[in-house]
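S.K.: can you look at this prediction? I've put the sequence above it.
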Amino acid sequence: MKNLLSLLLLITVLGANAQQILPEVERARVVDEILADRFNNLLPKLMDQTDIDMWVLISREYNEDPVLRTMLPSTWLNARRRTILLFYRNKEKNTIEKLAVARYNVGANIESAWDKEKEPNQWKRLMQLIEERNPKKIGLNFSKDHNIADGLDKTDYEEFMQNLPKKFVSKVVSAEQLAVRWIETRTEREMIIYNQLVDITHAIIAEAFSEKVITPGVTTTTEVEWWMRQKVTDMGLETWFHPTVDVQRSKDKLVRHLYSFSGRPEDMVILPGDLLHCDFGITYLRLNTDCQELAYVLKPEEEKAPQFLIDGLALGNQLQDVLTKNMVKGRTGNEILAKSLKEAKTVGLRPSIYTHPLGLYGHSAGTTIGMWDSQGGVMKDDGENYSLNPNTVYAIELNTTISIPEWKRDIRIMLEEAGFYGENGFRYVNGRQTELLLIPRLKKHQKN
């Protein structure tokens, strides 16, 4: 009875979407089940596709390789001492070995393969495991082009190479392709969960951009930002970046794109007639969301947003359609960007596209489709040379500039939604914004 009362109280405090949030012990179970599936079913396929039969990851406590962090069990918040993981794929036998050169198992998925009493030296034990398996290629996490795949630090790399028998030195290769594929690829179960994450994200934004939180003439943008941050904490979740809220209004000129994310004035009082924009994301069950939506603050005499803003949002949706139509397997980010910008401009849009991979990290590894300050294409060290793969998730992030004669100025329609690219093409993970949120929404204005 006590647990039931506690659950009812939690639902009352947090709202309807609280029912989707698992307690910590259940989150741990789900995380570990997903890891088991990824290790046993996804990893062998990725190792075959990238032609690497041995993958070695090395990290020290509090200086973790970002890939290794995603492999730790739910009860491990960090690596311990020096943690060494070894994955060996025998394609002929269709087996995958998951070993840890550590004093203990790394959760239920990775078995300890080091008895310090028999071999005191951790590096020597690692080399014994390598020699016993005689791999064709040994993948290590170093990369110039992908930061997330560059997690092996200088000290551990030098130690590894100094201890590695000479006959294996020529077999050492960058595991960047394997590392990126591991980070970017989503499983069927992860996508089911992702739908719930985006639903929660949308629900928090909808509440933030409502009369429950905003009183025009009183509430400031900074107060809404901190409300969103506190809401996430109260729900037992986390956010991977601080939320932002900014305003576009008739009396102000259009400023640089960077204004929405850095350098904008704080504590702007929200007024009737304002077009509000937010950038917000959450972290839950080791997955991340990233969403930007728009709201309009009704004037006393209004019952809907001005038509020019409604039309502006439709143009933003049109730009989304242009981009997602061009997301085709095998195309690089620069190819998708160039084709999308050209087509958008041909139909009269004034586009800017800066879409990034989304998943185990907010700004994750994979195909980068533009950056807000690199509309001519991104360099190779930003992931330009990496082609689009199926079963991957992206923050469809972009804007189009529109001219508002009524306001005598230009504004930006800035949008961002989670999208999934699969074997059957593109779809939004849980819909997208096609109507402006209105503040207030629950009451009608009375006409005299």
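M.R.: Now that the structure is in, tell me what you want to look at. Just so it is clear, the model here is predicted, and its values are computed rather than measured.
S.K.: next SSE after the worst-scoring helix or strand of the chain on mean pLDDT?
M.R.: The weakest-scoring helix or strand in the chain, judged by mean pLDDT, DSSP states H and E, is helix 2-14 (a mean of 39). Later in the chain than helix 2-14, the nearest helix or strand by DSSP states H and E is helix 24-37.
S.K.: mind listing what's buried along that next one?
M.R.: 27, 31, 32, 34, 35, 37 (16 or more other C-beta atoms under 10 Å). The way it works is simple: take the backbone N, C-alpha and C, and place the C-beta from them, glycine included.
S.K.: so which of these is the closest to residue 193?
M.R.: residue 34 (8.0 Å; C-beta to C-beta).
S.K.: list the buried residues of stretch 213-229.
M.R.: 213, 214, 216, 219, 220, 221, 223, 224, 225, 227, 228.
S.K.: what is the fifth one paired to in the beta sheet?
M.R.: The reference is to residue 220. Here residue 220 sits in beta bridges with residue 269, going by DSSP bridges.
S.K.: got a pLDDT number for the nearest residue to residue 330 once chain neighbours are set aside?
M.R.: The spatially closest residue to residue 330, leaving aside those adjacent along the chain, is residue 387, at 5.2 Å (C-beta to C-beta, 6 or more residues apart in numbering). pLDDT for residue 387: 92.
S.K.: just put the buried residues of stretch 213-229 in JSON lines and tack on pLDDT.
M.R.: Output for those, formatted as JSON lines (pLDDT from 0 to 100):
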{"residue": "213", "pLDDT": "98"}
{"residue": "214", "pLDDT": "98"}
{"residue": "216", "pLDDT": "97"}
{"residue": "219", "pLDDT": "98"}
{"residue": "220", "pLDDT": "98"}
{"residue": "221", "pLDDT": "97"}
{"residue": "223", "pLDDT": "98"}
{"residue": "224", "pLDDT": "98"}
{"residue": "225", "pLDDT": "98"}
{"residue": "227", "pLDDT": "98"}
{"residue": "228", "pLDDT": "98"}
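S.K.: quick check, nearest of those to residue 94?
M.R.: So of those, ranked by how close each gets to residue 94 (C-beta to C-beta), first place is residue 228, at 47.6 Å.
S.K.: helix or strand: which one has that closest one?
M.R.: Here residue 228 is assigned to helix 221-234, by DSSP H and E.
S.K.: so which elements touch that helix?
M.R.: Here helix 221-234 touches helix 188-208, strand 244-248, strand 275-280, going by 3 or more C-beta pairs under 8 Å, 6 or more residues apart in numbering; DSSP states H and E.
S.K.: quick one: which of these is nearest residue 140?
M.R.: Shortest distance between residue 140 and the helices and strands packed on helix 221-234, using C-beta to C-beta, is found for helix 188-208: 26.2 Å.
S.K.: and that closest one, what's its mean pLDDT?
M.R.: Mean pLDDT, helix 188-208: 97.
S.K.: ditto for stretch 121-134
M.R.: Mean per-residue pLDDT for stretch 121-134: 96.
S.K.: and for stretch 246-263?
M.R.: Averaged across stretch 246-263, the pLDDT comes to 69.
S.K.: and if you look at stretch 433-442?
M.R.: Stretch 433-442 shows a mean pLDDT of 91.
S.K.: low-confidence ranges in the stretch 251-400 of the chain?
M.R.: Counting by pLDDT under 70, the stretch 251-400 of the chain shows low-confidence ranges at 252-264, 380-385.
S.K.: dihedrals phi and psi, residue 111?
M.R.: In terms of degrees, to the nearest 10, the main-chain angles of residue 111 are phi -90, psi 140.
S.K.: what residues are up against it?
M.R.: Residue 111 sits next to 98, 99, 100, 105 when contact means C-beta atoms under 8 Å, 6 or more residues apart in numbering.
S.K.: out of the residues you listed, which is nearest to residue 354?
M.R.: Closest to residue 354, out of all of the contacts of residue 111 and judged by C-beta to C-beta, is residue 98, at 37.0 Å.
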